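Enquirer: Next input, structure requested:
(chains A and B)
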Protein chains: 2
Amino acid sequence: MSKAKITRDRIIQQAASIFNQHGYAGTSMSDIMRVTGLQKGGIYNHFRSKDELAIAAFDYAVGCVRQHYADVLRSKRHAVARLYALVDAFYGNFYGTIEALPVKGGCPLLNTAIESDDTHPALRDRARQAMNAWREMIRKIITSGIKRGEVKAEVKADTVATLWISMLEGGLMMSQLYGDRIHLDRVKHHLRQYIRKELAQGT
Amino acid sequence: MSKAKITRDRIIQQAASIFNQHGYAGTSMSDIMRVTGLQKGGIYNHFRSKDELAIAAFDYAVGCVRQHYADVLRSKRHAVARLYALVDAFYGNFYGTIEALPVKGGCPLLNTAIESDDTHPALRDRARQAMNAWREMIRKIITSGIKRGEVKAEVKADTVATLWISMLEGGLMMSQLYGDRIHLDRVKHHLRQYIRKELAQGT
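Expert: As a prediction, this is how the structure comes out:
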């Protein structure tokens, strides 16, 4: 890897936590200079604008989350086991024994969705793509689970994806607001029951 | 009402939509000057700082939401009817036939919770108070419903409040990200089923 690529990646990684904690509008170039230890020119050598860096940082943060999901799903074949694993992986991203997410400040998708919906079309489009990918992951597990007789045939995959993501992101918002994991704990417990009662075939 | 009070209230109302759409960090004094048509001095006559105005604007926005809930609950006595009304009122705040909320940009509590959790203790405390009040409203309806035999005795009021708020706020986040009410529609439908199946006594 070239030295330029190494520096570029380091800027992205360091900027990702600042953007995720302070938001796009709340992060200045001086903040980024401070965390990277670089001068403004050193940053602009790699990124044309704060926008370009913000988008790269968002892609990096979402990539970390996605990698974590891929890791936990790798050893699971049964749709129901995969659904349980996804709930636990989301929880583990923020309150795991080993903190899985190297980006501070909560869920980058939630933070970016809320900040960008009224103000920043480029980031909003990125957040939509990440949301599409997450919904698609849940839908695929459910539809292939239905085909294999592991998930009840009448389950509506897209509706479940909406309820599921709403609950996890909403529960995380509450836990982060209070600095108390109890809200996401309750959501996790409820979703595990929901998988057992409403989704799993033969129960 | 004094002329000063009228001007102060007008600044708060006009600033509330800008803060709610663009966030605290994303709103500048120039933005506030633009929407109010006042000079900086004219605004500082009424508020010592952007902070003081932001907090007053948040309180105003949350007060509008609260007023809407109080209005829809006034005619309902049965706990189950009150719970249905709360779900519909949340939905109606954003996608009602008559838009109930005079503040643009979605739910002020959700937006402020997300923005302030890592960065702005005064706003975060305000968001916590508003969240406490919302949880308390749901808890009270449930506990008095249990006492009157309208809600199942085994229902855990605080857990229901968490699940309920998570789902509504998460569903709103998804609908606002896509500009498509379908996600909050699904949440509303699910919560109405949940009230009927899990909360209402005698079903």
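Enquirer: Mind listing residues that contact stretch A:123-131?
Expert: Residues from elsewhere that reach stretch A:123-131 (C-beta atoms under 8 Å, 6 or more residues apart in numbering or on different chains): A:24, A:54-55, A:58-59, A:62, A:108-109, A:112-113, A:115-117, A:165, B:174, B:177-178. No exception for glycine: its C-beta is placed from N, CA and C like everyone else's.
Enquirer: Near residue A:34, how many other residues are there?
Expert: Residue A:34: 12 surrounding residues under other C-beta atoms under 10 Å in any protein chain shown.
Enquirer: measure it to residue A:20 for me?
Expert: Remark: distance between residue A:34 and residue A:20 (C-beta to C-beta, to the nearest Å) = 16 Å.
Enquirer: swap in residue A:28?
Expert: Separation of residue A:28 from residue A:20 (C-beta to C-beta): 15 Å.
Enquirer: out of the two, which sits in the busier spot?
Expert: residue A:20 (24 against 13).
Enquirer: Where does that one sit, in terms of helix or strand?
Expert: helix A:3-22 (DSSP states H and E).
Enquirer: what are the C-alpha coordinates of that helix, in PDB please?
Expert: Extracted C-alpha coordinates of helix A:3-22, given in PDB (Å, rounded to 0.1, in the frame of the first residue of the first chain):
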ATOM      1  CA  LYS A   3       2.200   5.900   1.700                       C
ATOM      2  CA  ALA A   4      -0.500   8.200   0.300                       C
ATOM      3  CA  LYS A   5      -3.100   5.500   0.700                       C
ATOM      4  CA  ILE A   6      -2.000   4.800   4.200                       C
ATOM      5  CA  THR A   7      -2.400   8.500   5.200                       C
ATOM      6  CA  ARG A   8      -5.700   8.700   3.400                       C
ATOM      7  CA  ASP A   9      -7.100   5.700   5.300                       C
ATOM      8  CA  ARG A  10      -5.800   7.100   8.600                       C
ATOM      9  CA  ILE A  11      -7.600  10.400   8.000                       C
ATOM     10  CA  ILE A  12     -10.800   8.600   7.200                       C
ATOM     11  CA  GLN A  13     -10.600   6.400  10.300                       C
ATOM     12  CA  GLN A  14      -9.900   9.300  12.600                       C
ATOM     13  CA  ALA A  15     -12.400  11.600  11.000                       C
ATOM     14  CA  ALA A  16     -15.100   8.900  11.200                       C
ATOM     15  CA  SER A  17     -15.500   9.100  15.000                       C
ATOM     16  CA  ILE A  18     -15.600  12.900  15.000                       C
ATOM     17  CA  PHE A  19     -18.300  13.000  12.300                       C
ATOM     18  CA  ASN A  20     -20.300  10.300  14.000                       C
ATOM     19  CA  GLN A  21     -20.200  12.000  17.400                       C
ATOM     20  CA  HIS A  22     -20.500  15.700  16.300                       C
END
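Enquirer: and the helix or strand just after it, is it in reach of chain B?
Expert: Counting by DSSP H and E, the next helix or strand C-terminal to helix A:3-22 is helix A:29-36. No - Helix A:29-36 stays clear of chain B (C-beta under 8 Å from any C-beta of the partner chain), getting no nearer than 11.1 Å.
Enquirer: Following the chain onward from helix A:29-36, which element is next?
Expert: Sequence order places helix A:40-44 as the next helix or strand after helix A:29-36, per DSSP H and E.
Enquirer: list the helices and strands that following helix packs on?
Expert: Secondary-structure packing of helix A:40-44 (3 or more C-beta pairs under 8 Å, 6 or more residues apart in numbering or on different chains; DSSP states H and E): helix A:29-36.
Enquirer: Now do the helix it packs on, average pLDDT.
Expert: On average, the pLDDT along helix A:29-36 is 96.
Enquirer: What residues sit buried inside that helix?
Expert: A:32, A:36 (16 or more other C-beta atoms under 10 Å in any protein chain shown).
Enquirer: so how far is it off the chain centroid?
Expert: Centre-to-centre, helix A:29-36 and its host chain are 24 Å apart (C-alpha atoms, centre = their mean, to the nearest Å).
Enquirer: Same check on stretch A:50-60?
Expert: 15 Å.
Enquirer: does any bit of it sit next to chain B?
Expert: No - Stretch A:50-60 is not in contact with chain B by C-beta under 8 Å from any C-beta; minimum separation 12.8 Å.
Enquirer: neighbouring contacts of that stretch?
Expert: By C-beta under 8 Å, 6+ apart, stretch A:50-60 touches A:11-13, A:15-16, A:19-20, A:24, A:27, A:29, A:32, A:43, A:46-47, A:103, A:108, A:112, A:122-123, A:126-127, A:130.
Enquirer: Tell me the buried residues in it?
Expert: By 16+ other C-beta under 10 Å, the buried positions in stretch A:50-60 come out as A:50, A:53, A:54, A:55, A:56, A:57, A:58, A:59, A:60.
Enquirer: Make sure I have this right: the fourth one is in a strand.
Expert: When you say that, I think you mean residue A:55. No - counting by DSSP: H, G, I helix; E, B strand; the rest coil, residue A:55 falls outside a strand, being helix.
Enquirer: Okay, it and residue A:19: tell me how far apart.
Expert: In terms of C-beta to C-beta, residue A:55 sits 10 Å off from residue A:19.
Enquirer: circling back to that earlier point, helices or strands next to the helix holding residue A:20 in the packing?
Expert: For helix A:3-22, the packing partners by 3+ C-beta pairs under 8 Å, 6+ apart are helix A:29-36, helix A:50-73, helix A:108-116.
Enquirer: Could you pull up the mean pLDDT of the last one?
Expert: When pLDDT is averaged along helix A:108-116, the result is 94.
Enquirer: Can you report how many residues neighbour the nearest residue to residue A:57 once chain neighbours are set aside?
Expert: Nearest non-adjacent residue to residue A:57, counting by C-beta to C-beta, 6 or more residues apart in numbering or on different chains: residue A:16, 4.2 Å away. Neighbours of residue A:16 under the rule other C-beta under 10 Å: 27.
Enquirer: you'd agree residue A:16 is up against residue A:112?
Expert: No - with contact defined as C-beta atoms under 8 Å, residue A:16 does not count as touching residue A:112 (11.1 Å).
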